[in-house]
Every structure is written in structure tokens, then in C-alpha cells.
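In: what's the 3D shape of this:
(one chain, ligands or ions: 2)
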Amino acid sequence: MKLLGIETSCDETAVAVVEDGVRILSNVIASQVEIHARYGGIVPEVASRQHLLAAIPITEKALAEAQLELKDITAIAVTNGPGLAGSLLAGVNLAKALALASDLPLIGVNHLEGHIYANWLQNKEARTPEFPLLCLIVSGGHTDLILMHDHGKYQQLGQTRDDAAGEAFDKVARLLGLGYPGGPIIERTAKGVDTPRRLPRAWLKDSDDFSFSGLKTATLHMARDLGITGEAISPASEHLVGEIAAGFQESVVDVLVTKTIEAAKRNGVRQILLAGGVAANSRLRQAMIERSSTPVLIPSPILCTDNAAMIAACGYFKFLEGKSSGWDMDVRPNLRLV
Ligand code: KG4
Ligand code: ZN
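Out: Ligands and ions are numbered 1, 2, ... in the order given. Take a look at the predicted model:
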């Protein structure tokens, strides 16, 4: 069964074709990152206009790369929340138009659920998630620890009390003068630094919640004390910026890994899954695998950040359970997983 997935919740226009929820036949992503980088962050109005421009060409490309036509598709899965309202509308309207024109079922998918299902897409080790499992979702808007008992059965153990992990990466990159998008830039800047600066860790003992705003403030104070103002980085301060970036990354990774492993043990899960853009971070991937005695599954980096293959994968398992959406499906910018 082949599903067409559509994802436009933020600043990536993505369309993919996935077979039986696991095999990627095409995965096309049009990133707007260069456009938004000029403004230092995402401009919602610009994002929705770009989605409208990209929607049809990206859909045609995804079908062509899969060597299929719309008539070969069984159903259309689309992200209907959470995300930016105008961005979500572009994808949902595209999905409705395609479904109506080809008489196909429509399946609304929660973006966060989609991130989790990136783990079902075939990996090199050909490993399939096994329940019960614990999923750490770390994206630009969320840091959630989710206990998953079965397909579609979620229990929230913890969440961030302030900034999401990805948001902290983006804000710290900005205050260090590194630019946008922060996550990949901090990772590059920290690479090879062997004297990371020590920054605090917020453990929030006896809770599975997270907090990153204190770390962000501590990073800001350390940077200012060392004369780093967030303006263009001088050659003299380059190594200091690297040490701070590496120290910040170590702190985030340590907290995420330690708390996830503890929660996995306490709940007796069979696997730990990582999901969301921050799961593309190689330091987080390495530390989670090295430190966990519970088997760890992580999608390839390109499937951690926003894509439509994960939406098609999630849509497939919903479709198997007989879940589909009506023509009145609306966008839900604040949609929750639990
Ligand atoms: O899942 P995602 O692509 O979009 C959302 O649903 O939010 O996540 C984007 C977030 C951004 O905050 C970005 O800085 C972060 O993921 N990110 C990373 C890396 N790649 C993306 N953070 C750390 N290291 C990375 N390599
Ligand atoms: Zn995302």
C-alpha cells in the first residue's frame, strides 16, 4: 500500500511516498532556511507563501521520483497540527485538493506522532520498534518523554517547563553570534573542541520534566563575561565561542541522555526511540547509544528533521486501524499528542 505524505507545519515543504509504512519510495524536502536566515528566524507569513509556491512542484517531484502517478496512491496523509496556522493550511489544502481530485481517503497526522514514526522507516540495521518503548521527542517546539504502549497509545512522562531543546540551541546560537538555524551550527562549532566550558545542568530531581532556560541564561552570562556580545565573531574570540558552544551542547546532551535512560529503566521498556530535529545531533546520538543498556533506535539525521516520509509512515498505521479524516478536517496549531 502506497501513501502520499505531506508536511508543511513549519518552514519545510515536504512530500513523500512510502510503501507499507516502512519503505521510502521518494522523500522530497524544499527547505526555506536560506530565506528565513536573513531575518534570523522563521517569518510565518513568508513561510506560508513559500509553501504555496512549492506545493505543486514538490508533489510532482515526489511522484516522479517514486515513478508513480496519483492513481497508484491508496491514501493521503497530511500534518494538520501542531505548527504555524498559515503553513499548516497550505499542506492541508493541498492534501484535500489531491484527495478530492483522485477520490482518495485523507488522514490527518499529528506532527509529533509523525516524528516518532520516522523510527518505523527502514534503517540500516533493519530494526523495528518494539512496545512498550520510551520516545524522547526533541524538536524546535517540544521536549517530551513519551511512553508508548502500542500504536497510537501514548502516555506523557515528562515535558519541558520552559524552552524546548531545539529552541535552546537556536537561542544560544543567536547570543553567540553564530546565526540561524542554531542546532546544526552549534554542532559544527563544537566539533573537535576538547576543552568544553562547564555549564550547569537542570536535573529537576524526582520529575521527568526538563528545563533549559537556566542553562541559556548561564550561557549568556558566560559569553558576556568573556567579551562575546553576539555581534560578528572576531578571530580572537573564535576558540572561546567554540568552547562555550561545546559546553552548552554537553550540558543539554547529558541531561537528555541521563533522564531518558533513568525513565527507561524505571518503566521497563524494551527500547528507547529518539525523534525530532535535535535527534540529528551526532553528540546526542553517540551519547545515548554509548550510555544506554536499553537498545536505542534513532532515525537517520535527514528523517529526524521535518520530512513527509514520517507523516506517510504514521498515516499508514492509522489507516490500518481504520482511522481517516473528513473534508471538514481543520488545522490545529496547538494540537497535542496526549
Ligand atoms: O523537528 P524539527 O525539524 O522541527 C520542529 O518540529 O521543530 O526540529 C528543528 C529543531 C531546531 O531547533 C534545530 O535547531 C534543531 O531541531 N536541530 C538540531 C540539529 N539539527 C536540527 N539541534 C542540534 N543539533 C543538530 N544537528
Ligand atoms: Zn518537527
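
In: From residue 242, how far out is the closest residue to ligand 1 within the stretch 101-250 of the chain?
Out: With Cβ to the nearest ligand atom, the shortest gap between the stretch 101-250 of the chain and ligand 1 falls at residue 183, namely 2.1 Å. Bear in mind the C-beta positions are built from the backbone N, C-alpha and C, glycine included. Applying Cβ to Cβ, to the nearest Å, the value for residue 183 to residue 242 is 16 Å.

In: go on, residue 200?
Out: Look at residue 200 and residue 242: by Cβ to Cβ, they are 19 Å apart.

In: more neighbours, these two?
Out: Set residue 200 next to residue 242 and count neighbours by other Cβ atoms under 10 Å: residue 242 wins out with 22 against 13.

In: Please give the element, helix or strand, for that one.
Out: Assessed by DSSP states H and E, residue 242 sits inside helix 238-267.

In: Check which helices and strands that helix is in contact with.
Out: strand 133-138, strand 143-150, strand 153-159, helix 165-175, helix 182-190, helix 213-225, strand 271-275, helix 282-291 (3 or more Cβ pairs under 8 Å, 6 or more residues apart in numbering; DSSP states H and E).

In: Convert the C-alpha atoms of the second one to CSV, please.
Out: Taking Å, rounded to 0.1, in the frame of the first residue of the first chain, the C-alpha atoms of strand 143-150 are listed here in CSV:
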residue,chain,number,x,y,z
THR,A,143,10.9,18.2,24.5
ASP,A,144,8.7,15.3,25.5
LEU,A,145,9.3,11.9,27.1
ILE,A,146,6.6,9.7,25.9
LEU,A,147,5.8,6.1,27.0
MET,A,148,4.3,4.3,24.0
HIS,A,149,2.3,1.1,24.8
ASP,A,150,1.1,0.3,21.3
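
In: got the buried residues for that strand?
Out: Using 16 or more other Cβ atoms under 10 Å as the burial criterion, the residues of strand 143-150 that qualify are 143-148.

In: what comes into contact with that strand?
Out: Strand 143-150 is contacted from outside by 112, 116, 131-137, 154-160, 164-165, 208, 210, 212, 256, 259-260, 263, 267, 269, 273, 337-338, using Cβ atoms under 8 Å, 6 or more residues apart in numbering.

In: Could you do the fourth one as well?
Out: The contact list for helix 165-175 (Cβ under 8 Å, 6+ apart) reads 40-41, 138-141, 143, 163, 179-183, 185-186, 210, 212-213, 215-216, 219-220, 223, 230, 245, 248, 252, 256, 276-278.

In: Show me how to select, in PyMOL, the buried members of the residues you listed.
Out: Listed next is the PyMOL selection for buried residues among the contacts of helix 165-175, using 16+ other Cβ under 10 Å:
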select buried, resi 138+139+140+141+143+163+180+181+182+183+185+186+210+212+215+216+219+220+223+245+248+252+256+276+277+278
